[in-house]
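Participant: For reference, the sequence and a predicted model appear below.
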Amino acid sequence: MLVFPAERLQALTQAIFERVGAPPDIAQRVAEALVESNLAGHDSHGVIRIPSYVEAVRRGHVIPDARPTVQKESAVLALVDGGWAFGQVSAAFATDLAVRKAREHGLAVVGIVRCTHIGRLGEYPTMAAAQNVASLIVAGGFGGPGATAAPYGGARPLFGTNPLAIGFPVKDRPPVIIDFATTAVAAGKIQVALAKGEPLPPGAILDRHGRPTTDPRDYYEGGMLLPFGGHKGYGLAVAVELLGRVLTGADLFAEPGRGGPVYERSGVLILAIATGAFQDVETVLAEAARTVARIKAVPPAEGFAEVLVPGEPEFRTRAERLRTGLPVPETTWHAIVQTAQSLGLDVSLFGLPATVGG
């Protein structure tokens, strides 16, 4: 395992995306999002994605200089056309729009269509919580030729990972952030397990014949993801599909060759609610803090050091990795170096090794 300073990885990542045609501000936004995912401990949505993002640009699935626009709008609703831009750009734009509307009107709902991979969903409720806005975000429509997840009881993939995230601000503490895929593992975590040479937990995937397996290679040889919690995770996956794809009308915006097999019909829905919608903001934030304190005061069960609230592991990991650096598997780093070199970039100019042994 290699370890690099976050700022060096971010500088290289931004340079890579500038080389494939992204303006500096867009390249910076995508680089920040990827490195922040690593900092939070979600390596599956971090710099490991660089080679696949570059390939998506080369294939025309992503338009590197595209910017999102508002397709239709009212006081509390908006539909954002991502224009096949980098998903992190579209989702940040839509989150900011939802937050502004919620702060003015109490709540807002914003959909995104023609939207590519938006990265770690928990990033967007974190943005909203920083402005005292509670939020829910769902991302669906990853089916079709790129389907990766079987429905409960099924032996053929129909959905994607169909993730969701919820955020709530807390007085004098980091926000509560709930962020998970509705599958037992996210597809990116299989990529990480493969890079590390580690098995997957039981109950995470089936092989191409519909048989349970823990070998991450089986997933890439025609296997499929399973919903977490059996029928409960499956029920959430269906809800995400209906809200993210069906409600936004994402199918109507599909274009041949754009988005790729996974994201050509994807849609995102953001619900934002001002914490002052029903009572004084400070009252709500203080009660959220008391609620978190009551949770933290519960004695830990055997095998646990303490009770954690959702989002707490990520905030702790971020502080630790800012101090110690970001761990990157050797296979991941090799792929990143190859991608950089294919674009005429010398990674050593960023204070990073051009070879694993460097």
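Facilitator: Arrived safely, thanks for sending.
Participant: Counting neighbours, what do you get for Phe159?
Facilitator: 26 (other CB atoms under 10 Å). (C-beta placed from N, C-alpha, C; glycine too.)
Participant: Phi and psi next, for the nearest residue to it once chain neighbours are set aside.
Facilitator: Leaving aside its sequence neighbours, Phe159 sits nearest to Ala149 (CB to CB, 6 or more residues apart in numbering; 4.5 Å). Backbone torsions for Ala149, taken as degrees, to the nearest 10, come to phi -120, psi 130.
Participant: for Ala149, what are its contacts?
Facilitator: By CB atoms under 8 Å, 6 or more residues apart in numbering, the contact list for Ala149 reads 157-162, 182-183, 224-227, 237.
Participant: For it, name its beta-bridge partners.
Facilitator: With beta bridges defined as DSSP bridges, Ala149 has these partners: Phe159, Leu225.
Participant: pLDDT wise, what is it at?
Facilitator: Looking at Ala149, its pLDDT is 93.
Participant: how far away is it from Thr161?
Facilitator: 6 Å (CB to CB, to the nearest Å).
Participant: Where does pLDDT dip in this structure?
Facilitator: Within the chain, the stretches with pLDDT under 70 are 356-358.
Participant: For the lengthiest helix in it, list every residue counted as buried.
Facilitator: Looking across the chain with DSSP state H, the single longest helix is helix 87-105. Residues 87-95, 97-99, 101-103 are the ones in helix 87-105 that count as buried (16 or more other CB atoms under 10 Å).
Participant: immediately after that helix, which helix or strand?
Facilitator: Sequence order places strand 107-113 as the next helix or strand after helix 87-105, per DSSP states H and E.
Participant: residues contacting Gly249?
Facilitator: Gly249 neighbours (CB under 8 Å, 6+ apart): Leu79, Gly111, Val113, Gly267.
Participant: Okay, helices next: where are they in the stretch 151-300 of the chain?
Facilitator: For the stretch 151-300 of the chain, the helices defined by DSSP state H, counting those that start in this stretch occupy 187-196, 216-220, 231-241, 260-263, 281-296.
Participant: show me where the stretch 51-200 of the chain has strands.
Facilitator: Assigned by DSSP state E, counting those that start in this stretch, the stretch 51-200 of the chain shows strands spanning 69-73, 77-81, 107-113, 133-140, 164-170, 173-180.
Participant: surely Thr183 meets Asn162?
Facilitator: Yes: judged on CB atoms under 8 Å, Thr183 makes contact with Asn162 at a distance of 7.4 Å.
Participant: The spatially closest residue to Ser348 that is not a sequence neighbour: neighbour count?
Facilitator: Closest residue to Ser348 apart from its sequence neighbours, by CB to CB, 6+ apart: Ala354 at 5.0 Å. Ala354 has 13 neighbours, counted by other CB under 10 Å.
Participant: Quick check: the gap between Ala354 and Ile336.
Facilitator: 11 Å.
Participant: which residues do the two both contact?
Facilitator: Contacts common to Ala354 and Ile336, judged by CB under 8 Å, 6+ apart, are Val347.
Participant: Now for Gly41, how many residues are close by?
Facilitator: If we define neighbours as other CB under 10 Å, then Gly41 has 18 of them.
Participant: Contacts only, for it.
Facilitator: Gly41 touches Pro313, Glu314, Thr317, Arg318, Arg321, counting by CB under 8 Å, 6+ apart.
Participant: Show the buried residues in the residues you listed.
Facilitator: Glu314, Arg318, Arg321.
Participant: Among those, name the ones in helices.
Facilitator: Glu314, Arg318, Arg321.
Participant: so which of the helices of the stretch 151-300 of the chain comes closest to Gln10?
Facilitator: helix 187-196 (18.7 Å; CB to CB).
Participant: ok now the closest one, how far from the chain's centre?
Facilitator: Helix 187-196 sits 15 Å away from the centroid of its parent chain (CA atoms, centre = their mean, to the nearest Å).
Participant: Over to stretch 200-208?
Facilitator: Offset of stretch 200-208 from its chain centre (CA atoms, centre = their mean): 21 Å.
Participant: Tell me the buried residues in it?
Facilitator: Leu200, Ala204, Ile205, Leu206, Asp207.
Participant: just those residues now: which is nearest Ile295?
Facilitator: Minimum distance to Ile295 across the buried residues of stretch 200-208 is 27.8 Å, recorded for Ala204 (CB to CB).
Participant: isn't the closest one right up against Ala186?
Facilitator: No: counting by CB under 8 Å, Ala204 does not reach Ala186; the two are 10.0 Å apart.
Participant: Which parts of the stretch 251-358 of the chain are strands?
Facilitator: Using DSSP E, counting those that start in this stretch, the strands assigned to the stretch 251-358 of the chain run over residues 267-274, 326-328.
Participant: looking at the ones you listed, which is buried most?
Facilitator: Highest mean neighbour count of the strands of the stretch 251-358 of the chain: strand 267-274, a mean of 25 (counted as mean count of other CB atoms under 10 Å).
Participant: Partner strands of that one, with direction?
Facilitator: In the sheet, strand 267-274 lines up against strand 107-113 (antiparallel), strand 133-140 (antiparallel) (DSSP bridges).
Participant: Please work out which of these is packed deepest.
Facilitator: Of all these, strand 133-140 has the most neighbours on average by mean count of other CB under 10 Å, namely a mean of 27.
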